[in-house]
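Q: here is my input; please provide its structure:
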Amino acid sequence: MREEIIQATRVLEAGGIILYPTDTIWGIGCDATNYRAVQKIYKLKKRLTRKSFIVLLDQPEKILNYVAKVPEIAWDLIGNVTTPLTVVYPNAKNLAKNVIAQDNSIAIRLTRDQFCVRLINLFNKPIVSTSANLADDAPPRMFSDISEEIVNGVDHVVGIKHDKLNDLKPSTIIKLDEGGDYVVLRS
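A: This next block holds a predicted model:
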C-alpha cells in the first residue's frame with residue numbers, strides 16, 4: 001500500500017487525477033485546491049459544472065482550513081456517526097472555485113479508509129471524491145464495474161482492492177446552515 005500512496009501523491013501533486021478506493025465506493029480524485037485538476041474530472045465524468053463535488057479530509061481539525069466556521073452540531077455529528085457522513089458547510093475557503101457549490105458551500109467527508117487517510121496525510125491537502133462513473137450512470141460496486149472510459153481517462157489507477165465487492169452505499173449527506181440547522185440531502 002505504501003508504494004501506491006506515494007505514486008498517487010505524486011500524481012496529485014502534478015495536477016493529475018486518480019481512480020482510487022474510498023470508504024464508500026470507488027472514486028475519482030484530484031487536488032481539491034487545483035482548479036485545472038478539478039476541471040479534468042468534470043470533463044471526464046461529462047458532469048455539469050454547477051454540480052459540486054465532495055472533498056475528503058483525514059482529520060477533523062483540518063475542516064477549519066476550508067470553511068469559515070464549523071457549527072457546533074457538526075462536531076457532534078462527526079464524533080458520533082459511525083457510518084460514512086458528508087457534511088455540507090457554508091462559507092467554503094481555500095479550495096478551487098470549481099469544487100465549491102454556487103451557494104459557496106462545500107461538502108466534506110472525514111474518511112476512515114486507511115488508504116485514503118494515509119494518502120491525504122502525505123499529500124497534506126483535501127482531495128476530491130466523486131463516484132467513478134460517467135454522469136447519470138450508476139456508481140460502481142467494485143473495480144470491474146468501472147467503465148473503460150473512466151479507467152483510461154485518469155492519470156493513475158490505484159492498484160489495491162480491485163477484487164473487493166463494495167457493499168457500502170454512498171455517504172449520508174447533511175447540509176448545515178450558519179446557525180447549525182440542518183437538512184438531510186441523502187441518507
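Q: what ranges does this protein have for its strands?
A: 18-20, 27-29, 54-57, 85-89, 106-110, 127-131, 156-157, 172-176, 182-186 (DSSP state E).
Q: need the ones you listed in JSON lines with mean pLDDT, mean neighbour count and distance to I120, can you?
A: Every C-beta, even on glycine, is put in place using the N, C-alpha and C of the backbone. JSON lines is the format used below for the strands of the chain (pLDDT from 0 to 100; neighbours: other CB atoms under 10 Å; distance: least, CB to CB, whole Å):
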{"stretch": "strand 18-20", "mean pLDDT": "97", "mean neighbour count": "24", "distance to I120": "11"}
{"stretch": "strand 27-29", "mean pLDDT": "96", "mean neighbour count": "28", "distance to I120": "10"}
{"stretch": "strand 54-57", "mean pLDDT": "97", "mean neighbour count": "25", "distance to I120": "6"}
{"stretch": "strand 85-89", "mean pLDDT": "94", "mean neighbour count": "22", "distance to I120": "15"}
{"stretch": "strand 106-110", "mean pLDDT": "96", "mean neighbour count": "24", "distance to I120": "10"}
{"stretch": "strand 127-131", "mean pLDDT": "95", "mean neighbour count": "26", "distance to I120": "6"}
{"stretch": "strand 156-157", "mean pLDDT": "98", "mean neighbour count": "18", "distance to I120": "16"}
{"stretch": "strand 172-176", "mean pLDDT": "90", "mean neighbour count": "19", "distance to I120": "19"}
{"stretch": "strand 182-186", "mean pLDDT": "89", "mean neighbour count": "12", "distance to I120": "22"}
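Q: now these as a markdown table including distance to F143?
A: Converted to a markdown table, these look like this (distance: least, CB to CB, whole Å):
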| stretch | distance to F143 |
| --- | --- |
| strand 18-20 | 8 |
| strand 27-29 | 11 |
| strand 54-57 | 19 |
| strand 85-89 | 22 |
| strand 106-110 | 20 |
| strand 127-131 | 13 |
| strand 156-157 | 9 |
| strand 172-176 | 24 |
| strand 182-186 | 23 |
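Q: in this structure, where is pLDDT below threshold?
A: Along the chain, segments meeting pLDDT under 70 span 165-169.
Q: which stretches of it form helices?
A: In the chain, the segments counted as helices under DSSP state H are 2-13, 35-45, 72-80, 114-123, 148-153.
Q: and T24, how many residues sit next to it?
A: 22 (other CB atoms under 10 Å).
Q: whoops, V38 was the one
A: 27.
Q: find the residue at the geometric middle of this structure.
A: Note on the chain: the residue nearest the mean C-alpha position is S129, at 2.2 Å, using CA atoms, centre = their mean.
Q: so it versus T22, what's the distance?
A: 6 Å (CB to CB, to the nearest Å).
Q: got the contact list for V81?
A: T172 (CB atoms under 8 Å, 6 or more residues apart in numbering).
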